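Q: What would the 3D arrangement of this be:
(chains A and B)
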Amino acid sequence: MAQRIGDVIALPSRPVCLGQAAVGGKIEGEGPLGSAFAEVFAEAKLGEENWEMAESRLQQAAIAHALRSASCQPGGIDLHFGGDLLNQCTATNFALRQLHMPLAGLYAACGTFALSLAMAALALDSGGFTRVSAAASSHFCAAEKQFRFPLEYGCEPTPTNQRTATAAGAAILGTGSEKSGQAAPRVTQIIFGRVVDMGVKDANSMGAAMAPAAWDTLRRFLAGTRTAPNDYDMILTGDLGKIGTALFKALAQKEAGLNLQGVHHDGGTLLYSTPKQDVGVGGSGIGCSAAVLCANILPRLRAGNLHRVLFLGTGALLSAISPLQGETIPSIAHGVLIESP
Amino acid sequence: MVRQASPGSPHVKHFTLAFLVGGAICALGQGVALASKRFGASEEQIKIIVPCSLVLLASIFTALGLFDKLGKHAGAGTGVPITGFANSIVSAAMEHHTEGLVLGTGANVFRMAGPVLAYGTAVCTVYGLIYYFFLKR
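A: Next up is the predicted model:
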């Protein structure tokens, strides 16, 4: 049964990650994690009629590969948590049309995968479920259409712009008692974010808007667990980009005298090789942190190269119209501690 | 703090590229004008031929997926001439064609160009009134 330590929720049953997979688009496939993807789709529409359905296909593919890696059937999943960036979470809802798994759709913008993992682990720890899955996706073209300009519209990106990743990640979790190999990664602690708004108004500078939320969650996590950054092999934020990362580190230094240099990494800067790939100040989008975690971090935990990773999924909770109405950008960061022996 | 961490726009580079590309587009327009004149077009006809050919070219480049690549670097250079207006209409039409010809393309075609049309019409009306009452003899 879950236990509260301050704001942190400890999961003594230690739900285990049975399998995971990430898929990506062409540019993501050409990035540093390209070879770790279960599948790379060179064609942006993935054979579908429109961008929205393409994202759905992307998420479906990630779930299918993750199920395979966990040697599991869709019918064996008791509950699925997932989300995406599209209005009414259609990428997720449509992706699950053929899979017939009970679905709890979630939205925390780019922090959705962290929230999905946290909810999946919490559900398993409750004792009512044996297999729970989590997935999330984003598609560059679908997100541009919804949040910015038509794809073929010729305008210059702002210097603080982050590229929405065409990618999806999925993970299958089982109860702590499940046999799953010795070094299988386990979700041991989670923390839910608070909505933080420091008044950033620029929708093209989401890293800056999210950095305070990431810091708020990290600060509460460290206080609850009485740990320090160096107690972790990695603190992974997703996805602050270069500017958000600089602000996040500066906040930690200024408010608590913590030096995150070395231990902190950001999904937005891991997915692409900047500045070689033209992605602004890094990646963003729900699929970015999901893909980085599933293609890179979870396999490294499984291989024993990493042992304690605190994953902070950050989301900018704006809509396409809220900045036009003069609203500032509220943000949130959900945290998941993943450990392997 | 945010301002300090965020890089500014490289203005000199932007201005230079916009000047060169925008200038090249205008030179192309001038080329079309001179060529039309050679083929015997009148001054009035040239005023129609030049914008039409630039709009056509911009639309074709947009449809081929090349305009946004140029616009990404040239910024105002491609945006300010009439080419930018053509691009804003064609790109929106392309983006929304999956939602049907009426409620998709039809309803969204002026999504980007709408403000220019709305305020352009408003300003023209005001100017027209000024012209009619004060300037016309």
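
Q: pLDDT score assigned to residue B:77?
A: pLDDT recorded at residue B:77 is 74.

Q: for residue A:180, same thing?
A: 69.

Q: Next up, the contacts around whatever residue of chain B ends up closest to chain A.
A: Of all residues in chain B, residue B:71 sits closest to chain A, at 1.9 Å by Cβ to the nearest Cβ. From N, CA and C alone the C-beta is placed, and that goes for glycine too. Residue B:71 is in contact with A:153, A:154, A:155, A:156, B:78, B:79, B:84, B:87, counting by Cβ atoms under 8 Å, 6 or more residues apart in numbering or on different chains.

Q: Apart from its chain neighbours, what residue comes closest to the residue located most distally from the centre of chain A?
A: Of all residues in chain A, residue A:154 has its C-alpha farthest from the mean position, at 29.8 Å, by Cα atoms, centre = their mean. Closest residue to residue A:154 apart from its sequence neighbours, by Cβ to Cβ, 6 or more residues apart in numbering or on different chains: residue B:71 at 1.9 Å.

Q: Would you agree the one you found falls within a helix?
A: Yes. The assignment for residue B:71 is a helix, going by DSSP: H, G, I helix; E, B strand; the rest coil.

Q: Assign a three-state SS to residue A:80, would you?
A: On the basis of three-state DSSP, residue A:80 is classed as strand.

Q: Could you measure from it over to residue A:273?
A: 33 Å (Cβ to Cβ, to the nearest Å).

Q: And these two? Which one has more around it.
A: More neighbours surround residue A:80 than the other of residue A:80 and residue A:273, with 25 against 14 (other Cβ atoms under 10 Å in any protein chain shown).

Q: Which residues does the host helix or strand of residue B:126 contact?
A: Assessed by DSSP states H and E, residue B:126 sits inside helix B:114-130. By Cβ under 8 Å, 6+ apart, the surrounding residues in contact with helix B:114-130 are B:85, B:88, B:110.

Q: Leaving out sequence neighbours, find the closest residue to the second one.
A: Setting aside the residues directly before and after it, residue B:88 is nearest to residue B:112 in space (Cβ to Cβ, 6+ apart), at 3.7 Å.

Q: Which residues of chain A lie near chain B?
A: A:49-51, A:145, A:149-160, A:200, A:205, A:208, A:243, A:246-247, A:250 (Cβ under 8 Å from any Cβ of the partner chain).

Q: Pull out the buried members of the residues you listed.
A: Neighbour-count burial (16 or more other Cβ atoms under 10 Å in any protein chain shown) applied to the residues of chain A next to chain B gives A:50-51, A:145, A:149-157, A:160, A:200, A:205, A:208, A:243, A:246-247, A:250.

Q: What count of nearby residues applies to residue A:262?
A: Neighbours of residue A:262 using other Cβ under 10 Å come to 10.

Q: which residue ranges form the helices in the chain?
A: Since you didn't name a chain, this refers to chain A. Applying DSSP state H to chain A gives helices spanning A:26-29, A:51-69, A:90-95, A:112-125, A:140-147, A:206-225, A:241-256, A:267-270, A:286-292, A:298-302.

Q: You answered for a different chain; I wanted chain B.
A: Using DSSP H, the helices of chain B run over B:2-5, B:11-38, B:43-63, B:67-74, B:76-79, B:82-95, B:107-108, B:114-130.

Q: in the first one, what's buried?
A: Burial within helix B:2-5, assessed by neighbour count using 16+ other Cβ under 10 Å, is assigned to B:2, B:5.

Q: again with the third one
A: In terms of neighbour count (16+ other Cβ under 10 Å), helix B:43-63 has its buried residues at B:46, B:49, B:50, B:51, B:53, B:54, B:55, B:57, B:58, B:59, B:61, B:62.

Q: what two of those residues have the greatest distance between them?
A: B:46 and B:62 (24.3 Å; Cβ to Cβ).

Q: Is it correct that residue A:225 is in contact with residue A:189?
A: Yes. The pair residue A:225 and residue A:189 passes the contact test of Cβ atoms under 8 Å, sitting 6.8 Å apart.

Q: Can you report how many residues lie near residue A:222?
A: Number of residues near residue A:222 (other Cβ under 10 Å) recorded here: 21.

Q: Can you tell me the closest non-neighbouring residue to it?
A: residue A:228 (6.7 Å).

Q: From chain B, how far out is the one you found?
A: As judged by Cβ to the nearest Cβ, to the nearest Å, residue A:228 and chain B stand 24 Å apart.

Q: I figured that residue hits residue A:258, correct?
A: Yes. Applying Cβ under 8 Å, one finds residue A:228 in contact with residue A:258, separated by 7.5 Å.

Q: the more surrounded of the two?
A: Ranked by neighbour count (other Cβ under 10 Å), residue A:228 and residue A:258 place residue A:258 first, with 20 against 11.

Q: mind checking pLDDT for the more buried one?
A: On the pLDDT scale, residue A:258 is placed at 96.

Q: Tell me who's in contact with it.
A: Residue A:258 neighbours (Cβ under 8 Å, 6+ apart): A:222, A:228, A:229, A:252.

Q: For beta bridges, what are the partners of the closest residue to residue A:28 other than its chain neighbours?
A: Of all residues not flanking residue A:28 in the chain, residue A:167 sits nearest, at 5.1 Å (Cβ to Cβ, 6+ apart). Counting by DSSP bridges, residue A:167 is bridged to residue A:24, residue A:138.

Q: quick one: residue A:167 and residue A:335, what's the gap?
A: 21 Å.

Q: Which residue of the two possesses the greater neighbour count?
A: residue A:167 (38 against 29).

Q: pretty sure the more buried one is in contact with residue A:59, am I right?
A: No. Under the criterion of Cβ under 8 Å, residue A:167 makes no contact with residue A:59, lying 9.9 Å away.

Q: what do the two both touch?
A: What both residue A:167 and residue A:59 touch, as defined by Cβ under 8 Å, 6+ apart, is the set residue A:137.

Q: Who are the contact partners of the nearest residue to residue A:335 once chain neighbours are set aside?
A: In space, residue A:335 comes closest to residue A:191 once its chain neighbours are excluded; the distance is 4.1 Å by Cβ to Cβ, 6+ apart. Neighbouring residues of residue A:191 by Cβ under 8 Å, 6+ apart: A:7, A:8, A:9, A:118, A:217, A:220, A:221, A:224, A:334, A:335.

Q: Having no further points to raise, I will conclude here.
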